[in-house]
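Peer 1: Provided below are the primary sequence and the corresponding predicted coordinates.
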Amino acid sequence: MFSSVIALAFGYLLGSVPFGLVLTRFAGTADLRGIGSGNIGATNVLRTGRKDLAAATLLLDALKGTAAVLIAGWYGAEFAIIAGLGAFLGHLYPVWLKFKGGKGVATYLGCLFGLHWPSGLVFCAAWLAVAWLTRYSSAAALTASLAAPVALLLFGLRNEAELFVALAILLWFRHGENISRLMSGTEGKIGQKNTPKA
């Protein structure tokens, strides 16, 4: 039990590093929390017009999930799963930002690649297909998050699939406003710049 708590805490601390906010502050752009969706993730970083920062945010947010899973996995597969959960929760609810974090797509993918890279490729394929068809990053992420646990089940990884079902539920919950905007036709599309919130 103690080891499980350590794995969860380790993953949480890694996941709670807000790379999008850190990078944009160093670059001198406007505060992400006042732009577009107000999210600290890569999609909102892209709305600043800085594709380089958006790519770096996406990579680093994914890698913190991958690192948590791989490092904890040295001590056992069960600890890798627990650390992955911690990393995802850390990104969504970082202690440094009063528990107001991102929506978890990149960290979800990073954890997935760390645990089972073929399922990570399934996620990427689903994301790219939906993004190409709709130009909505949120719709692509929501669809891909459902494809991942199905892929894990097909590969016979039941415990991992159960983890990603839980993560997908959290991801959908965090995308509640996006879902409403998708339904109303007001969701911002990929590459679209937004003005800061009033």
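Peer 2: Good, I have the coordinates.
Peer 1: which stretches of the chain have low pLDDT?
Peer 2: Applying pLDDT under 70 to the chain flags residues 37, 191-198.
Peer 1: rerun that using 50 as the cut-off
Peer 2: Within the chain, the segments meeting pLDDT under 50 span 195-198.
Peer 1: Just the buried positions in the helix or strand encompassing Asp52, please.
Peer 2: For Asp52, the host element (DSSP states H and E) is helix 51-73. Of all the residues in helix 51-73, those buried under the rule 16 or more other Cβ atoms under 10 Å are 53-54, 56-58, 60-73. C-beta coordinates here come from the backbone N, C-alpha and C atoms, glycine included.
Peer 1: go on, stretch 149-165?
Peer 2: The neighbour-count check on stretch 149-165 (16+ other Cβ under 10 Å) flags 149, 151-153, 157, 160-161, 163-165 as buried.
Peer 1: Identify, from those residues, the entry nearest to Met1.
Peer 2: Among these, Leu163 lies closest to Met1 (Cβ to Cβ), at 18.3 Å.
Peer 1: Enumerate every residue touching that closest one.
Peer 2: By Cβ atoms under 8 Å, 6 or more residues apart in numbering, the contact list for Leu163 reads 81, 84-85, 115.
Peer 1: And Glu187, by the same measure?
Peer 2: With contacts taken as Cβ under 8 Å, 6+ apart, Glu187 has the following neighbours: 136, 138-139, 178, 181.
Peer 1: In JSON lines: those, plus neighbour count, secondary structure and distance to Lys100.
Peer 2: Formatted as JSON lines, those follow (neighbours: other Cβ atoms under 10 Å; DSSP: H, G, I helix; E, B strand; the rest coil; distance: Cβ to Cβ, whole Å):
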{"residue": "Tyr136", "neighbour count": "19", "secondary structure": "coil", "distance to Lys100": "23"}
{"residue": "Ser138", "neighbour count": "24", "secondary structure": "helix", "distance to Lys100": "18"}
{"residue": "Ala139", "neighbour count": "19", "secondary structure": "helix", "distance to Lys100": "23"}
{"residue": "Asn178", "neighbour count": "22", "secondary structure": "helix", "distance to Lys100": "16"}
{"residue": "Arg181", "neighbour count": "16", "secondary structure": "helix", "distance to Lys100": "19"}
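Peer 1: right, and out of these, which lies closest to Ala42?
Peer 2: Distances from Ala42 to those, taken as Cβ to Cβ, are shortest for Ser138 (12.4 Å).
Peer 1: CSV for the contacts of Leu163, including secondary structure?
Peer 2: Below are the contacts of Leu163 laid out as CSV (DSSP: H, G, I helix; E, B strand; the rest coil):
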residue, secondary structure
Ile81, helix
Gly84, helix
Leu85, helix
Leu115, helix
